[in-house]
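Chemist: Sequence and predicted structure are below.
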Amino acid sequence: MKKIAVLTSGGDAPGMNAAIRAVTRGALYHKMSVYGIGRGFEGLINGDFHELEMSSVSDSMQRGGTWLKTARSDRFMTPEGFQRALDMLETFEIEGLVIIGGDGSFRGGLELSKAGIKVVALPGTIDNDLSYTNYSIGFDTAVNTVLYAIGNIRDTSSSHERGTVIEVMGRHSGALALYAGLTGGAEIIVIPEETVDINKICKTLIQGKNRGKQHNIVICAEGAAITSSALKDTIVERTGLDMRLVILGHIQRGGSPTARDRMLASRMGYKAAELFLEEDKICKAVGIQGEQIVACDLEEAIGVKRTYDKSIIELAEIIS
Ligand code: F6P
């Protein structure tokens, strides 16, 4: 019987539990045995391995976070830690590993694959910063969480006729800011991929005020060239507008996954299990392109240049 294992790594994302469930039940369906590894690559090093049954993943799909726990492992980056991880996989006779995480986790997976482990990586990150796939697990839920926050902030902001700079997550990626900004009706969206034009921002806000706007929403990604706090201060200094700053923080990473994320996680998780039916060396990244679940070469997937859709900012400017 083939033995595979699944772990979650890096920042958690809503829908990871749904993915673990689909991997587990998909593997059992195909008569493989499956282990859950706790605490990401740290658990791989420490032998935090637990055999999973159908019931191990019951009542988990609707829960945010990851019940397997996750970690950002510095030890895995060292030659000793990496070797320990390989030894542990050999000890438990694990042939294949499903890694659910972001860019850094994918890179760890690629190294394991070079050392002879069959690897399938699933994109699990609210950042949606892996360009080989249209969407990552967790992104849709995070967008909706930000939207909910924007709605509440808009209520109080309108009552007081003031503006708010809302900082959203995304150290290197503006995807969350772009999607939440456009769908939340933000006047301004500031992302790490673009330079910051303070004159343009202030002009837009003043013109809005002159048109009788009751409030302003400025969405600023955490990795933007200007901090959200400096942005708010600069706007106040330049325009005299009454502004507040709200940093949403980790609230964006929690919560029950949306239907869209559960669907994505279920389809991707099952696909991962299915890939291990092949006998050959496997080193794949599962993604979604259009409506199709696809399996790409992992190294090529990591290599796809990160892009963003500039037209979303332009559209937000036109219709907000
Ligand atoms: O998982 C991605 C992410 O949420 C980024 O958007 C954010 O910059 C980072 O993780 C925060 O990480 P941590 O929870 O380790 O502080």
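Modeler: Perfect, I can see it now. Numbers count the residues shown, from 1 in each chain.
Chemist: how about stretch 76-94: buried residues?
Modeler: Across stretch 76-94, burial judged by 16 or more other C-beta atoms under 10 Å covers 76, 81, 82, 84, 85, 86, 88, 89, 94. From N, CA and C alone the C-beta is placed, and that goes for glycine too.
Chemist: now do stretch 139-159
Modeler: Within stretch 139-159, the residues that count as buried by 16+ other C-beta under 10 Å are 139-146, 149-150, 153-154, 157.
Chemist: circling back to that earlier point, now, which of the buried residues of stretch 76-94 lie within helices?
Modeler: 81, 82, 84, 85, 86, 88, 89 (DSSP state H).
Chemist: With adjacent residues omitted, what lies nearest to the fifth one?
Modeler: So that's residue 86. Distances taken as C-beta to C-beta, 6 or more residues apart in numbering put residue 115 closest to residue 86, at 5.6 Å, once the chain neighbours are dropped.
Chemist: Repeat that for the fourth one.
Modeler: Counting by C-beta to C-beta, 6+ apart, residue 85 lies nearest to residue 44, which is 4.4 Å off, once chain neighbours are set aside.
Chemist: For residue 3, report the pLDDT, please.
Modeler: pLDDT for residue 3: 97.
Chemist: can you check residue 317 too?
Modeler: We have a pLDDT of 89 for residue 317.
Chemist: State whether it is indeed within a strand.
Modeler: No. Under DSSP: H, G, I helix; E, B strand; the rest coil, residue 317 sits outside any strand and is assigned helix.
Chemist: Check what pLDDT the spatially closest residue to it that is not a sequence neighbour gets.
Modeler: Leaving out its chain neighbours, the residue that sits closest to residue 317 by C-beta to C-beta, 6+ apart is residue 204, at 7.4 Å. With respect to pLDDT, residue 204 scores 96.
Chemist: correct me, but residue 204 touches residue 188?
Modeler: Yes. Counting by C-beta atoms under 8 Å, residue 204 touches residue 188, with 6.2 Å between them.
Chemist: for this structure, what spans make up the strands?
Modeler: 3-8, 33-37, 49-52, 96-101, 118-123, 163-168, 188-190, 216-221, 243-247, 283-289, 292-297 (DSSP state E).
Chemist: Looking at residue 204 and residue 188, which is more packed in?
Modeler: residue 188 (26 against 17; other C-beta atoms under 10 Å).
Chemist: how close does residue 53 get to the ligand?
Modeler: Using C-beta to the nearest ligand atom, to the nearest Å, one gets 30 Å for the distance from residue 53 to the ligand.
Chemist: same question but for residue 221, I mixed them up
Modeler: Going from residue 221 to the ligand by C-beta to the nearest ligand atom gives 9 Å.
Chemist: just checking, that residue touches residue 180?
Modeler: No. The pair residue 221 / residue 180 is not scored as a contact, 9.9 Å apart, by C-beta under 8 Å.
Chemist: Now for whatever residue of the stretch 1-150 of the chain ends up closest to the ligand: which residues touch it?
Modeler: Using C-beta to the nearest ligand atom, the single residue of the stretch 1-150 of the chain nearest to the ligand is residue 11, 2.2 Å away. For residue 11, the contact set (C-beta atoms under 8 Å, 6 or more residues apart in numbering) comprises 70, 72, 102, 125, 126, 127, 253.
Chemist: which of those residues lies closest to residue 267?
Modeler: residue 125 (17.0 Å; C-beta to C-beta).
Chemist: Please identify the buried residues of stretch 262-274?
Modeler: Neighbour counts over stretch 262-274 (16+ other C-beta under 10 Å) mark 262-274 as buried.
Chemist: ah, wrong one, I meant stretch 193-200
Modeler: Residues of stretch 193-200 classed as buried: 193, 196 (neighbour count, 16+ other C-beta under 10 Å).
Chemist: chain center to it, what's the gap?
Modeler: The chain centre lies 25 Å from the centre of stretch 193-200; the measure is C-alpha atoms, centre = their mean, to the nearest Å.
Chemist: What separation do you get for residue 172 and residue 121?
Modeler: To residue 121, residue 172 is 18 Å away according to C-beta to C-beta, to the nearest Å.
Chemist: er, residue 302 actually
Modeler: Using C-beta to C-beta, residue 302 is found at 9 Å from residue 121.
Chemist: joint contacts of these two?
Modeler: Shared contacts of residue 302 and residue 121, defined by C-beta under 8 Å, 6+ apart, comprise 106, 285.
Chemist: hmm, back to that, could you dump the buried residues of stretch 76-94 to JSON lines with pLDDT and distance to residue 225?
Modeler: Formatted as JSON lines, the buried residues of stretch 76-94 follow (pLDDT from 0 to 100; distance: C-beta to C-beta, whole Å):
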{"residue": "76", "pLDDT": "97", "distance to residue 225": "31"}
{"residue": "81", "pLDDT": "98", "distance to residue 225": "35"}
{"residue": "82", "pLDDT": "98", "distance to residue 225": "35"}
{"residue": "84", "pLDDT": "98", "distance to residue 225": "40"}
{"residue": "85", "pLDDT": "98", "distance to residue 225": "37"}
{"residue": "86", "pLDDT": "98", "distance to residue 225": "41"}
{"residue": "88", "pLDDT": "98", "distance to residue 225": "42"}
{"residue": "89", "pLDDT": "98", "distance to residue 225": "42"}
{"residue": "94", "pLDDT": "97", "distance to residue 225": "44"}
